[in-house]
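Asker: Sequence and predicted structure are below.
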Amino acid sequence: MILTAVHQLRFILSLAFGLPFSPGSLEKLVAAARATHDEFGQIDQEGAALINGEPLDAETLRELQTRRLRAAARAASETPYYAALFRRLAIDPRQLTLDDLTRIPLTPKSDVRDHPDAFVRRGAKPFLRATTTGTTGTPTSIYFSTREMRVYFALAALGLLMQGLMDESDIVQISVSARGALGNVTLAGGAAQVGALVYQTGVVAPEAVLSLLTERHHLPGKVSKTSILYTYPSYLGALVEAGLASGLKPSDFGLKRIAIGGEVVTAGLQARARELFGDVTYVSNYGITELWGMSSTLDADSHLRFEVPHGLLEIIDPDSGEPAAPGQIGTIVGTPFPPFRETTMLLRYDTEDLVRALEPLPGTQRSSQVLGKKRLAIRHDDGSWTPPRAVLEALEWIEAVPLPARFTFYAHEGGVGVEVVTRDQGSRARRAVASSLEANGVPVKRLNLCSSPAEFTHAAYPLRGDLREVLFDDMPRLAEMRL
């Protein structure tokens, strides 16, 4: 069958020209895509192109982004924060152009964190207050309406169907902290429209999660074992260590895909995880609470590609405040566009996430994969950077380093000092770690191998896999508790 033409055309026009669309029209498009999948199997690239549209030429892209930017600015002018800012700077959002963009100062994370209500649009109907996990700082709150959430569910379902990542036979395990409510709810909502089964474990003892992954199910129309795992890279590392230590092997699992995000994802982690889970497919992209609605995916070259209609991407040099030149490191600055964002409005929000700018391609917005948080990176006197990714990529390949890599790095004598937990602290492990760090461009001036993070002289690099939630079996017996 062919996808319902009316809904398909309306959605494509909405993307291209900013026409309004309802969550219901998106949901009908999902239903049509699911029916196509049920009858003909996975939707091919030609069918997906009908939904995604063709790449835009430079002139059309600029026109679209200008129109969407004005819509975002008009919506933002209905918030206390930007209304005051526009008055002070004499900015008319109706006349705003891409050339005028720098008249709007970057919106710092601290302003949103400290005054979340000031960014809520007048007349909005917030349903969900989602917070960041707070792994690298005080949590930030963003509000969402029921309409936004229905749109996110439908877009998630479309993405899963178009990319062949999920169908109604799948069983999905979400092993992410309950603090990550927005991502968890969006994935569950998308899976519901696809027809898959979802359950959440949270970030609990790895042994309990591995037991659930190996559990056999007898549900009509479903696979016999969990087929999709959604988790953090650092928690995946903990699962790998615990699983291999207990003697588990790929044949004990039924995983087809592992979706990992929220942290730097390394090639070493993915390779070592295959020892336990077998030849799974990894799915990774970039999505943070503050920019939710600005969807991104990894392209064939492992670069982040941001959907043009969903928001405006800038990569800004932290020193000059100007766009970073190709090859330079800058921070992701994002402006989510209506109608994908309508409650908490953010213009030129500085995520503080470091990426490397790439040569522009017609009709696209793209960057390197995230290199880590700016505040966790080291800036050297010559202007070069040592970002967390460089250290992580070096360490997580090494068998002598237990997963997840537990380490710290800091400025030291014109380079960096590195402290890392290793299985042993002998000369062989030291040579392996030093060689890998050097190969990844980390200018090591001091290296210390440790048996535990307690031996570190600097604060350990924060891991989301440590956001552990306690099982009743982990708690002291009630009779021994002093209430």
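Answerer: That came through fine.

Asker: so where do the helices sit in the stretch 101-250 of the chain?
Answerer: Taking DSSP state H, counting those that start in this stretch, the helices of the stretch 101-250 of the chain run over residues 109-114, 146-162, 181-194, 206-214, 233-245.

Asker: pLDDT (mean, whole number) over the last one?
Answerer: By that I understand helix 233-245. Across helix 233-245, the average pLDDT comes to 98.

Asker: Next, count neighbours for Asp466.
Answerer: 16 (other CB atoms under 10 Å). C-beta coordinates here come from the backbone N, C-alpha and C atoms, glycine included.

Asker: Any stretches of the stretch 151-300 of the chain with poor pLDDT?
Answerer: Within the stretch 151-300 of the chain, no stretch has pLDDT under 70.

Asker: One more pass at 90, please.
Answerer: 155, 158-159, 161-164, 178-181, 285, 295-300 (pLDDT under 90).

Asker: Tell me which helix or strand Gly417 sits in.
Answerer: Taking DSSP states H and E as the criterion, Gly417 maps to strand 415-421.

Asker: I'd like the C-alpha coordinates of that strand written as PDB, please.
Answerer: Coordinates of the C-alpha atoms in strand 415-421 are reproduced here as PDB (Å, rounded to 0.1, in the frame of the first residue of the first chain):
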ATOM      1  CA  GLY A 415      49.800  19.000  29.000                       C
ATOM      2  CA  VAL A 416      47.600  16.700  31.100                       C
ATOM      3  CA  GLY A 417      47.800  14.400  34.000                       C
ATOM      4  CA  VAL A 418      45.800  11.300  33.800                       C
ATOM      5  CA  GLU A 419      44.800   8.900  36.600                       C
ATOM      6  CA  VAL A 420      42.900   5.700  35.700                       C
ATOM      7  CA  VAL A 421      41.700   2.600  37.300                       C
END
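
Asker: Next, the buried residues of stretch 224-236.
Answerer: Of the residues in stretch 224-236, those with enough neighbours to count as buried (16 or more other CB atoms under 10 Å) are Lys225, Thr226, Ser227, Ile228, Leu229, Tyr230, Thr231, Tyr232, Pro233, Ser234, Tyr235, Leu236.

Asker: Of the residues you listed, which pair is most distant in space?
Answerer: Lys225 and Ser234 (23.9 Å; CB to CB).

Asker: Pull the contacting residues for the closest residue to Asp279 other than its chain neighbours.
Answerer: Sequence neighbours aside, Pro250 is the residue nearest to Asp279 in space, at 7.8 Å (criterion: CB to CB, 6 or more residues apart in numbering). Taking CB atoms under 8 Å, 6 or more residues apart in numbering, we find Pro250 in contact with Arg274, Leu276, Phe277, Gly278, Asp279.

Asker: Could you rerun that using 10 Å?
Answerer: Contact analysis of Pro250 by CB atoms under 10 Å, 6 or more residues apart in numbering lists Gly243, Arg274, Glu275, Leu276, Phe277, Gly278, Asp279, Val280.

Asker: Of the helices of the stretch 101-250 of the chain, which is nearest His458?
Answerer: The closest of those to His458 is helix 233-245. By CB to CB, the value is 18.4 Å.

Asker: need the next SSE after that closest one, C-terminal direction.
Answerer: Assigned by DSSP H and E, the successor of helix 233-245 is strand 257-260.

Asker: which strands and helices sit next to that following strand?
Answerer: Strand 257-260 is packed against strand 171-175, strand 228-231, helix 233-245, helix 267-277, strand 281-283, with contacts defined by 3 or more CB pairs under 10 Å, 6 or more residues apart in numbering; DSSP states H and E.

Asker: packing partners for the strand holding Gly417?
Answerer: Judged by 3+ CB pairs under 10 Å, 6+ apart, the packing partners of strand 415-421 are strand 378-379, strand 385-386, helix 388-395, strand 407-412, helix 427-439, strand 444-450.

Asker: CSV please, covering the ones you listed and showing mean neighbour count.
Answerer: Below are these laid out as CSV (neighbours: other CB atoms under 10 Å):
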stretch, mean neighbour count
strand 378-379, 18
strand 385-386, 22
helix 388-395, 25
strand 407-412, 20
helix 427-439, 15
strand 444-450, 16
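
Asker: Turn the ones you listed into a markdown table, columns for distance to Ala31.
Answerer: Listed next are the helices and strands packed on strand 415-421 as a markdown table, based on distance: least, CB to CB, whole Å:
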| stretch | distance to Ala31 |
| --- | --- |
| strand 378-379 | 50 |
| strand 385-386 | 47 |
| helix 388-395 | 40 |
| strand 407-412 | 48 |
| helix 427-439 | 49 |
| strand 444-450 | 55 |
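
Asker: Kindly indicate whether Pro402 is helix, strand or coil.
Answerer: At Pro402, secondary structure determined by DSSP: H, G, I helix; E, B strand; the rest coil is coil.

Asker: what residues are up against the residue nearest to it when sequence neighbours are not counted?
Answerer: Nearest residue to Pro402, sequence neighbours excluded (CB to CB, 6+ apart): Glu241, at 5.6 Å. By CB under 10 Å, 6+ apart, Glu241 lies in contact with Pro206, Arg272, Leu276, Pro402, Leu403, Pro404.

Asker: Of the residues you listed - the most surrounded one?
Answerer: Busiest of these [other CB under 10 Å] is Pro404, holding 28 neighbours.

Asker: Specify the residue ranges that define each domain of this structure.
Answerer: 58-146+287-372, 385-466 (automatic domain parsing).

Asker: Pull the distance from the longest one to the chain's centre.
Answerer: Centroid separation for domain 58-146+287-372 versus its chain: 15 Å, with CA atoms, centre = their mean, to the nearest Å.

Asker: closest one to Arg257 among the helices of the stretch 101-250 of the chain?
Answerer: Judged by CB to CB, the one of these that comes nearest to Arg257 is helix 146-162, at 10.3 Å.

Asker: May I see the buried residues of that closest one?
Answerer: By 16+ other CB under 10 Å, the buried positions in helix 146-162 come out as 147-162.

Asker: That one to helix 181-194, inter-axis angle?
Answerer: Counting by axes from the mean of the first three to the mean of the last three CA atoms, to 10 degrees, helix 146-162 points 60 degrees away from the direction of helix 181-194.

Asker: so what does helix 146-162 touch, helix or strand wise?
Answerer: With contacts defined as 3+ CB pairs under 10 Å, 6+ apart, helix 146-162 has these neighbours: helix 23-40, helix 45-52, strand 126-131, strand 141-145, helix 181-194.

Asker: try 8 Å this time
Answerer: helix 23-40, helix 45-52, strand 126-131, helix 181-194 (3 or more CB pairs under 8 Å, 6 or more residues apart in numbering; DSSP states H and E).

Asker: List the contacts of the spatially closest residue to Ala459 that is not a sequence neighbour.
Answerer: Spatial nearest neighbour of Ala459, excluding adjacent residues (CB to CB, 6+ apart): Thr408 at 6.3 Å. Thr408 sits next to Val418, Glu419, Val420, Pro453, Phe456, Thr457, His458, Ala459, Ala460, Tyr461 when contact means CB under 8 Å, 6+ apart.
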